[in-house]
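Q: Attaching a predicted model along with its sequence, questions to come.
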Amino acid sequence: LQQSKPLLDASIGNGKDNPVKKPDKYADWSPDPAQMALKPDVSGNEINGLGEHDFRRPDFVYWADGPGITAHWDMQKWFYGANTKPLMTQARVERAKLDDLDIAAKAPNRAAGDASHFTALAKSKAREVGAALVGITTFNKDWLYRGKECNLPRVIVMGIAQDYETMLQAPDDPAAAEVVKQYGTCQSTAKLLANWIHQQGYNALTHFGPMSGLYTMVPAAIAAGLGELGKHGSVINRTLGSNFRLTSVLTDMPLDGDESDIFGADAFCENCQICVNICPPKAIGAEKQWVRGVEKYYVNFDKCLPFFNETAGCGMCMVACPWSRPGVGDNLLNKMARRRRVDA
Ligand code: SF4
Ligand code: SF4
């Protein structure tokens, strides 16, 4: 097969066909000086290892659960003060109630069953308690933030769907509230699944955003078959696109791992610039870059963060991605298959 032409010209979801537009009010956007005065001396890109050709574990860069953990804590505090939109504030109140959701103690005896038995039950349970996507993989310690440790051998990674019509209003309040709400679902889903694993007599450790300081979930999601890394720095799933949030449970329950799902999103990104063009602070790189020993798409942290903070979480790139439009994934896959046949 010779790839002589782009797999697609990314016309689906682009231009007038794409319901996500960059609002005019952000055409000449520049960061609020009050926020920029809180910028730390160190670049977030340096913390993330941009330009490093050798592998190292990642460093936790944002969404700390208190001061003294990340360099950008003062900017995170500014986010809380600046974003008091009513729907988002109400969603935060609702989400906080989930902090009280307890996980039962582990049962003293392990339930009988082999890996295929527990895999079917765990995936069914994950969907029952809120997951739209679920995959399993061996836990790779390379994903742990430096200084963190975890000896559980497997991870169940789940995708929590966001309402597309609501997310179309990103970065405004209804979308910001939807993100907070679905982060709540991330918490409840992980806790309810961990509860079930404990009932079977196995260890379980929940890990979900946004305060996710143990390990970086994107590579785990890719390894677990949830999708591929997009140019916008999020996972692209073949059915949900990027319109979902990640949550996970680490465990020693015997489970079968999934294969990664390389369906063509990376190849599609090569010829698509939708997220690059829609991002107001121009944070999304058009080309892959070296990050801690891996050449991959990367979002400039220092450019994204001020806009992200000012708009209560932005999310425009995730919803503008053509794969995120409901029902479009199959259409894109069919077109890519036809183009491959023509080029073969
Ligand atoms: S989330 Fe960040 S990278 Fe994505 S569009 Fe908004 S500012 Fe740009
Ligand atoms: S991640 Fe960006 S470049 Fe890739 S398909 Fe989505 S919008 Fe296009």
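A: Okay, I see it. Numbers count the residues shown, from 1 in each chain. Ligands and ions are numbered 1, 2, ... in the order given.
Q: tell me which parts of the chain are close to ligand 2?
A: By CB under 6 Å from any ligand atom, the residues of the chain that approach ligand 2 are 10, 230-232, 268-269, 272, 274-275, 320-323. For every residue, glycine as well, the C-beta is placed using N, CA and C.
Q: can we see that at 8 Å?
A: 10, 13, 230-232, 234, 236, 241-242, 265, 268-269, 272-276, 278, 284, 297, 317, 320-324 (CB under 8 Å from any ligand atom).
Q: Just the buried ones among those, please.
A: Buried residues within the residues of the chain next to ligand 2, counting neighbours by 16 or more other CB atoms under 10 Å: 10, 13, 230-232, 234, 236, 241-242, 265, 268-269, 272, 274-276, 278, 284, 297, 317, 320-324.
Q: If you average pLDDT per helix and strand, which one of the protein comes out bottom?
A: Least confident helix or strand of the chain, by mean pLDDT, DSSP states H and E, is helix 328-343 with a mean of 84.
Q: just the CA coordinates of it, formatted as PDB?
A: What follows is helix 328-343 as a C-alpha-only set of coordinates in PDB (Å, rounded to 0.1, in the frame of the first residue of the first chain):
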ATOM      1  CA  VAL A 328     -19.500  10.600  12.400                       C
ATOM      2  CA  GLY A 329     -16.900   8.000  13.400                       C
ATOM      3  CA  ASP A 330     -18.300   5.300  11.200                       C
ATOM      4  CA  ASN A 331     -18.600   7.700   8.300                       C
ATOM      5  CA  LEU A 332     -14.900   8.700   8.700                       C
ATOM      6  CA  LEU A 333     -13.800   5.100   9.000                       C
ATOM      7  CA  ASN A 334     -15.700   4.100   5.800                       C
ATOM      8  CA  LYS A 335     -14.200   7.100   3.900                       C
ATOM      9  CA  MET A 336     -10.700   6.200   5.100                       C
ATOM     10  CA  ALA A 337     -11.200   2.600   4.000                       C
ATOM     11  CA  ARG A 338     -12.400   3.700   0.600                       C
ATOM     12  CA  ARG A 339      -9.400   6.000   0.200                       C
ATOM     13  CA  ARG A 340      -7.100   3.200   1.100                       C
ATOM     14  CA  ARG A 341      -8.600   1.000  -1.500                       C
ATOM     15  CA  VAL A 342      -8.200   3.700  -4.200                       C
ATOM     16  CA  ASP A 343      -4.600   4.200  -3.200                       C
END
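Q: what packs against it?
A: With contacts taken as 3 or more CB pairs under 8 Å, 6 or more residues apart in numbering; DSSP states H and E, helix 328-343 sits against helix 265-270.
Q: So what's the gap between the helix it packs on and the chain middle?
A: Taking CA atoms, centre = their mean, to the nearest Å, one finds helix 265-270 lying 17 Å from the centre of the chain it belongs to.
Q: Against which helices or strands is that helix packed?
A: For helix 265-270, the elements it packs on are strand 228-229, helix 328-343, judged by 3+ CB pairs under 8 Å, 6+ apart.
Q: For it, what does the pLDDT average out to?
A: Averaged across helix 265-270, the pLDDT comes to 95.
Q: Output that helix as CSV, nothing but the C-alphas.
A: Provided in CSV are the C-alpha atoms of helix 265-270 (Å, rounded to 0.1, in the frame of the first residue of the first chain):
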residue,chain,number,x,y,z
ALA,A,265,-7.1,8.7,14.1
ASP,A,266,-3.3,9.4,14.1
ALA,A,267,-3.2,9.3,10.4
PHE,A,268,-6.3,11.5,10.1
CYS,A,269,-4.7,14.1,12.4
GLU,A,270,-1.8,14.4,9.9
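Q: one step back: identify each buried residue in the least confident helix or strand of the chain, please.
A: For helix 328-343, by 16+ other CB under 10 Å, it's Val328, Gly329, Leu332, Leu333, Lys335, Met336, Arg339.
Q: picking up where we left off before, in JSON lines, list the helices and strands packed on helix 265-270 along with distance to ligand 1.
A: Formatted as JSON lines, these follow (distance: least, CB to the nearest ligand atom, whole Å):
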{"stretch": "strand 228-229", "distance to ligand 1": "14"}
{"stretch": "helix 328-343", "distance to ligand 1": "19"}
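Q: Just to be sure, Asp261 is in a strand?
A: No. Asp261: not assigned to a strand; according to DSSP: H, G, I helix; E, B strand; the rest coil it is coil.
Q: how much space between it and Gly135?
A: Here Asp261 is placed at a distance of 8 Å from Gly135 (CB to CB, to the nearest Å).
Q: Next: Leu229.
A: Going from Leu229 to Gly135 by CB to CB gives 15 Å.
Q: ok, those two, which is more surrounded?
A: Under the neighbour definition other CB atoms under 10 Å, Leu229 and Gly135 were set side by side, and Gly135 has more, 27 against 21.
Q: residue ranges with poor pLDDT in the stretch 151-300 of the chain?
A: Judged against pLDDT under 70, the stretch 151-300 of the chain has no low-scoring part.
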